[in-house]
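Asks: 3D model of this:
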Amino acid sequence: MEKMPHWVDVIVIPLINILLAFIVAGLVVFAIGENPFDMVYYMVKGALGSTNGIGYTLYYTTNYIFTGLAFAVAMHAKLFNIGGEGQAGLGGIGAALVLLAVPWPHWTLALPFAVLGAGLFGAAWAAVPAYLQAKRGSHIVITTIMFNFIAGALAIYLLNGALKKPGQQAAETRHFGEGAHLPTFHEMLSPFGIEFSKSAPANFSFVLALIAAVFVWVLIWRTRLGYELRAFGNSASATAYAGISSVRVTIIAMLISGGLAGLLAINVVMGEAERLILNFVEGAGFMGIAVALMGRNHPFGIILAAFLFGMLNQGGFELMWEMPGISREMVFVIQALIIIFTGALVHMTRDPIERMFIRMSKRSA
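Replies: Numbering: from 1, shown residues only. You can find the predicted model right below:
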């Protein structure tokens, strides 16, 4: 049977679901006595109305791309990796250890080693749940959730102990050297005569996130390993009959997933804070699940979904400033509605559109 084109599933259906979510959110805003059109205006203005707003939007987008890709890779093998928060936190420790260990002369030398440290630590934190799932049958959701709490406790222990900067109260490391400074968008664009806010935290790691998206696309749809991941996700028994090791696929998928989540630390720890601080992930590990589901686990869809959630995050601050009657919780309601429509209620729009394309295909035939 003919099915609808893949681009409809990745782009059109999420856009329809977003529109429905905003309509419902607008009704909620109207019910509390505020103008829903003003809500949309101020959110878009806060996210895209200035280079400072764009910089913060792209900063949040970068985090969500990494965690969205991390969840998507595991999900293609039907592994619900909910441990992106802890894996990103361990990635921060790995990146910080590398950046603190050496007086790096330039960021171009520091970045590859920081990426290696963040990726390896994130992958290592995903390795134990992967082993327990593959060899012991422990449910991946339970183990990855538990490891989030362990990662948080480990970060508190290290930042109040061995990694804490001497002579200060704050639980954080010392700043990295000047040679580990990632260029911001202001520094990247100024040679071309493009003015960009100096205070915006968007930095070179956004480019790294786009490279990671291309890597995931090639991995999943252009390599043998990617085929094994998708085949295992569709039918574990069939892949076993074909001689594909479920243990191998499970562990490799989780290692790649954890490594991608760990790369979030490059954006925050190396790019923005330039030191390791507590709770730097700020929920991006969980938000990545919504981003991946909305993007249909496709890298291009994940980039678009991450940008939308970045806009919501940054635009929410402008919204609270311009419309005091709308609280931060209202922004969470909008995000929740988008997650509901793109996740739990996705078939409410997907099935009718798919039937429409099948009828159109039959008519043309």
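Asks: In whichever strand or helix holds L219, which residues are buried?
Replies: Assigned by DSSP states H and E, L219 belongs to helix 205-222. Neighbour-count burial for helix 205-222 flags 205-206, 208-209, 212-213, 216-217, 219-220 (criterion: 16 or more other C-beta atoms under 10 Å). In short, each C-beta sits where N, CA and C put it, glycine included.
Asks: just checking, what packs against that helix?
Replies: For helix 205-222, the elements it packs on are helix 51-76, helix 224-234, helix 246-262, helix 299-322, judged by 3 or more C-beta pairs under 8 Å, 6 or more residues apart in numbering; DSSP states H and E.
Asks: Please work out the average pLDDT along the longest one.
Replies: What it means is helix 51-76. Across helix 51-76, pLDDT averages out at 98.
Asks: Helix 246-262 and that one, what's the angle between them?
Replies: 170 degrees (axes from the mean of the first three to the mean of the last three C-alpha atoms, to 10 degrees).
Asks: helix or strand right after helix 51-76?
Replies: Counting by DSSP H and E, the next helix or strand C-terminal to helix 51-76 is helix 84-101.
Asks: One more: the third one?
Replies: Note on helix 246-262: by DSSP H and E, the next helix or strand toward the C-terminus is helix 264-265.
Asks: State the pLDDT value of M1.
Replies: So, for M1, pLDDT stands at 44.
Asks: pretty sure T57 is touching Q314, no?
Replies: Yes: counting by C-beta atoms under 8 Å, T57 touches Q314, with 4.6 Å between them.
Asks: Identify the contacts common to those two.
Replies: The contact sets of T57 and Q314 overlap at A47 (C-beta atoms under 8 Å, 6 or more residues apart in numbering).
Asks: what number of residues lie near I18?
Replies: If you count neighbours by other C-beta atoms under 10 Å, I18 ends up with 18.
Asks: Next, the angle helix 299-322 makes with the host helix or strand of it.
Replies: I18 belongs to helix 13-31 when elements are defined using DSSP H and E. Going by the same axes, to 10 degrees, helix 13-31 is angled at 10 degrees with respect to helix 299-322.
Asks: Quick one: list the elements packing against helix 13-31.
Replies: Against helix 13-31 (3+ C-beta pairs under 8 Å, 6+ apart) you get helix 36-48, helix 284-294, helix 299-322, helix 328-339, helix 346-364.
Asks: Could you say which of these is packed most deeply?
Replies: With neighbours defined as mean count of other C-beta atoms under 10 Å, the helices and strands packed on helix 13-31 peak in mean count at helix 284-294, which reaches a mean of 26.
Asks: what sits against N148?
Replies: So N148 contacts 82-83, 85-86, 89, 285 (C-beta under 8 Å, 6+ apart).
Asks: Quick check: the farthest pair among those?
Replies: The distance between the two most remote of these (C-beta to C-beta) is 13.8 Å, for I82 and G89.
Asks: Quick one: neighbours of A231, just the number.
Replies: 17.
Asks: quick one on the thing from earlier: when I82 and G89 are compared, which one has more neighbours?
Replies: Neighbour count, other C-beta under 10 Å: between I82 and G89, G89 has more, with 31 against 22.
Asks: What spatial separation is found between the more buried one and A130?
Replies: 17 Å (C-beta to C-beta, to the nearest Å).
Asks: same thing with F215?
Replies: Relative to A130, and taking C-beta to C-beta, F215 is found at 20 Å.
Asks: Could you do G285 as well?
Replies: 16 Å.
Asks: next one: G86
Replies: With C-beta to C-beta as the criterion, G86 and A130 are 13 Å apart.
Asks: same question, L58
Replies: Counting by C-beta to C-beta, the gap from L58 to A130 is 32 Å.
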